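Engineer: Quick one, structure for this:
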Amino acid sequence: TCDEPELTAATKLIRSLDPKPGTRYSRQTTDHVIPDVIVRKVKGRWVIATNPAVMPRARLHHATPYLFPRARWGSRAPMARELQEARWLMKNVEQRFTTIQQVAEVIVAHQKTFFDYGEIAMRPLVLRKVAEELNLHESTVSRATGNKYMATPRGVFEFKHFFSRELATDTGGKC
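Structural biologist: As a prediction, the model looks like this:
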């Protein structure tokens, strides 16, 4: 037990203490990465799934189509434009995640040895090859891989990790 002045002094001392004394030496913050796709082995096959945590949950209210008959004729055109834009936005978001999924599938198909054996088994892969396989422009693949991450049994990797920076030599070899 203690009296009130002792309690006040102890409280004052505790409040003067630094709860995070290590921050005096380093102000580094930890950036947490949420992977866009998850890769795992199921029955001997590598399976790629879009991470539901990064998927936006945009949807139209179920009553939206029923508002048109009730709307006055003059207010239907703006409503139709807004509905069209909402559907367009949702379609584009879906297309974006489809592209990310397809790019991830091509990466995994080309880098199976990496997933099975590790970094030592990484194979050369360039954006152009992925773009050709998916019949997309190389810039589309570049945007689809920029700041995108893949959770694997070997850790979380940025998509760009799976692309090599190899150069062709004059003699036909690779460097």
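
Engineer: so Ile38, which of the three states?
Structural biologist: Recorded secondary structure, Ile38: strand (DSSP: H, G, I helix; E, B strand; the rest coil).

Engineer: what number of residues lie near it?
Structural biologist: Burial of Ile38 is recorded as 17 neighbouring residues (other Cβ atoms under 10 Å). Glycine gets a C-beta too; all of them are placed from N, C-alpha and C.

Engineer: Which helix or strand contains the spatially closest residue to it that is not a sequence neighbour?
Structural biologist: Residue nearest to Ile38 in three dimensions, not counting chain neighbours: Ala151, with 4.7 Å by Cβ to Cβ, 6 or more residues apart in numbering. Mapping Ala151 onto the secondary structure by DSSP states H and E places it in strand 149-152.

Engineer: Val156 now?
Structural biologist: strand 155-158.

Engineer: Keeping just the C-alphas, turn that strand into CSV.
Structural biologist: Once side chains and other backbone atoms are set aside, the C-alpha atoms of strand 155-158 remain, and they are given as CSV (Å, rounded to 0.1, in the frame of the first residue of the first chain):
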residue,chain,number,x,y,z
GLY,A,155,7.7,-17.0,-49.3
VAL,A,156,6.0,-13.8,-50.8
PHE,A,157,7.6,-12.6,-54.0
GLU,A,158,7.0,-9.6,-56.2
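
Engineer: in this protein, which spans are strands?
Structural biologist: Remark: strands assigned in the chain by DSSP state E are 37-42, 45-50, 149-152, 155-158.
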